[in-house]
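Undergrad: please work out how this folds:
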Amino acid sequence: MMISVALWMSVPAFAQEEKPAAQDPGMKKGMHEDMRTEMKAMDDRLDKLVVDMNAAATPDKKIDAAIAVINEMVAQHKKMHERMAQRGMKHHE
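TA: Okay, here's the model as predicted:
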């Protein structure tokens, strides 16, 4: 009986999770705005490359432009994964 009571009383101590420190709302808003700005710039670069690809006059130029689009998409995808990994690491610090 004593062991049951001791275990029952110790459960809340183990169940408590350490909560991360709250971020400054202004800092968080600034980070979101920076991310939006960066994403817009990435979209603009990709849009320009797609316009160039669609306007290419010869098959060779169209292939070169399509390669540029693919390279940009891969670079943006990798950058997104790097940022996600960095943010994940910051959340676990």
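Undergrad: give me the pLDDT for residue 50.
TA: We have a pLDDT of 97 for residue 50.
Undergrad: nearest residue to it other than its sequence neighbours?
TA: Among residues not flanking residue 50 along the chain, residue 69 sits closest, at 5.9 Å (C-beta to C-beta, 6 or more residues apart in numbering). For glycine as for every other residue, the C-beta is placed from the backbone atoms N, C-alpha and C.
Undergrad: number of nearby residues for the closest residue to residue 62 other than its chain neighbours?
TA: Take residue 62 and drop its neighbours on the chain: the residue closest to it by C-beta to C-beta, 6+ apart is residue 56, 3.9 Å away. Applying other C-beta atoms under 10 Å, we find 15 residues neighbouring residue 56.
Undergrad: give me phi/psi at residue 56?
TA: phi -60, psi 130 (degrees, to the nearest 10).
Undergrad: for it, what are its contacts?
TA: 62, 64, 65 (C-beta atoms under 8 Å, 6 or more residues apart in numbering).
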